[in-house]
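Participant: show me the folded form of this:
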Amino acid sequence: MGKTDLRVLGKAPLNAEPPCLVELTRHPITPLHLAYARNHSVIKDLASEFDSYTVKIDGEMEGMEEKVLNVKDMIASFPRKAVVAVLICAGNRRAKMQETTGKEVRGIKWSEGTIANARWAGVLLRDILISAGVSEQEDDQKGFHVCFASNVAPCEDDKCYGGSIPLEEIMAKDGDAMLAYEMNDEPLTPDHGFPLRVVVPGYFGMRWVKWVDHITISREESPNFYQQRDYKMLPECVTSPEKAINEDWWGRTPAMQRLNCNSVVAHIQCLTPACPDQKTLKVKGYAYSHSPISRVEISGDGGETWHEVRITYQEGSWSWSLWEGEVVVDIDVDALELANHGRKNGRAKTKITVISRAFDQSGSAQDTDCRWNLRGVGFCGVGVGSVEV
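Facilitator: Next comes the predicted model:
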């Protein structure tokens, strides 16, 4: 991963995103050099430990027995599963939240590029957990959580990184949750979790634990800092870290899990630059949710009217959706000339803003109301793009 490919927002630990949405959305499958980097610890290169790398599996479910899997044996013993799934940072669009609300948010000021659509391959977690004695009966799974941990390196806020997801979600036959060892048909790179990372399609990226080495079945969520004291959409009344702690808002607010429905405007091009009073704009962008996107709409008049666009790429159940469409915007030439002191020499310009919203197959819609939260996570206000014409 070259530094010239990503905009670095933090060096230690490395946190970076692609600077150009036009380039990012040119690729249905995100190439490695454009895949964002999100870390809470240093990046460990474990290539020399591959032969001896193990994952410990234990838990308190009746019938389970502790198991230690060598990564090489796991790859050889379990069927390989491949799936296209979008990986998204919970802080994607954080800078947009701050810009839109005018209120400071705490955290890295990510733009809208902390998203990567990749082809992952690995071993289904369902298969691994069944081999360790986890029941296949849905009633037996209720109330349990799968806690993932990486003890490879200490983190900024905890001795290790961890998170959890309800067991019944991991065990779903159509869920495709896996321990991945490949990304885009190549072995994982160190910065993306070599030799093993959790992949949970339809869930935010902080649950996709990299360098995973311990899996526990528990009646409680992971106690890790990043499950209990971060990645929560605190209510608007929580305006400081002190208030979040003193009034136990961290304990009262559920952890973020499934992706919300969202869309982003990546590029706008004017197709009729010579026409003074009406502009046809070509608009492109991306959308995602925990369910396949069914429809994306754009508006050139602030949401008074909406126009459905074409979905140009969507693969399987878990990928992002790329979209494009056109919208015609009327220009008040007289008002524009008045604002520009009567100039008619072609140099006067006006800014046109286009917004987007998305809907998915489960019936969810993009929650376009802009709600602020202290950590700036989960922002899904309308996608916004502007162009001068």
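
Participant: so Trp250 makes contact with Arg229?
Facilitator: Yes. With contacts counted by CB atoms under 8 Å, Trp250 reaches Arg229, the gap being 5.0 Å. The way it works is simple: take the backbone N, C-alpha and C, and place the C-beta from them, glycine included.

Participant: low-scoring stretches of the chain, by residue?
Facilitator: 1-4, 333-348 (pLDDT under 70).

Participant: helices along that one, start to end?
Facilitator: Using DSSP state H, the helices of the chain run over residues 21-24, 71-77, 94-101, 125-131, 138-141, 167-170, 225-228, 241-246, 249-252, 333-339.

Participant: nearest to Ser317, out of those?
Facilitator: helix 167-170 (14.0 Å; CB to CB).

Participant: what does that closest one contact?
Facilitator: Residues from elsewhere that reach helix 167-170 (CB atoms under 8 Å, 6 or more residues apart in numbering): 125-126, 129, 134, 138, 141-142, 144-146, 175, 177, 200, 217, 257.

Participant: for these, which one is nearest Gly302?
Facilitator: Distance to Gly302 across these (CB to CB) is lowest for Gln257, with 32.7 Å.

Participant: what sits against that closest one?
Facilitator: Gln257 makes contact with 165-166, 169, 203-204, 207, according to CB under 8 Å, 6+ apart.

Participant: adding neighbour count, write those residues out as TSV.
Facilitator: Listed next are those as TSV, based on neighbours: other CB atoms under 10 Å:
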residue	neighbour count
Ile165	24
Pro166	16
Glu169	18
Tyr203	26
Phe204	24
Arg207	26
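
Participant: and His267, which of the helices of the chain is closest to it?
Facilitator: By CB to CB (comparing all of the helices of the chain), the closest turns out to be helix 21-24, at 4.8 Å.

Participant: what are the buried residues along that closest one?
Facilitator: For helix 21-24, a neighbour-count test (16 or more other CB atoms under 10 Å) marks 21, 24 as buried.

Participant: convert the C-alpha atoms of it to CSV, please.
Facilitator: The C-alpha coordinates for helix 21-24 follow below in CSV (Å, rounded to 0.1, in the frame of the first residue of the first chain):
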residue,chain,number,x,y,z
LEU,A,21,-14.2,9.2,-4.7
VAL,A,22,-14.2,9.3,-8.5
GLU,A,23,-11.2,6.9,-8.6
LEU,A,24,-12.6,4.7,-5.8
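
Participant: which two among the contacts of Gln257 are spaced furthest apart?
Facilitator: Pro166 and Phe204 (14.2 Å).

Participant: and the most centrally placed residue in the chain, what does it touch?
Facilitator: What sits nearest the mean C-alpha location of the chain, by CA atoms, centre = their mean, is Ile88, with 1.3 Å. Shown in contact with Ile88 (CB under 8 Å, 6+ apart): 114-115, 204-205, 259, 288.

Participant: give the bridge partners for it, please.
Facilitator: Ile115 (DSSP bridges).

Participant: again with Tyr288
Facilitator: Taking DSSP bridges as the rule, Tyr288 bridges to Asn262.

Participant: could you measure from the residue nearest to Arg258 when sequence neighbours are not counted over to Cys237?
Facilitator: Once flanking residues are discounted, Arg258 sits nearest to His290: 4.2 Å by CB to CB, 6 or more residues apart in numbering. Taking CB to CB, to the nearest Å as the measure, His290 falls 27 Å from Cys237.
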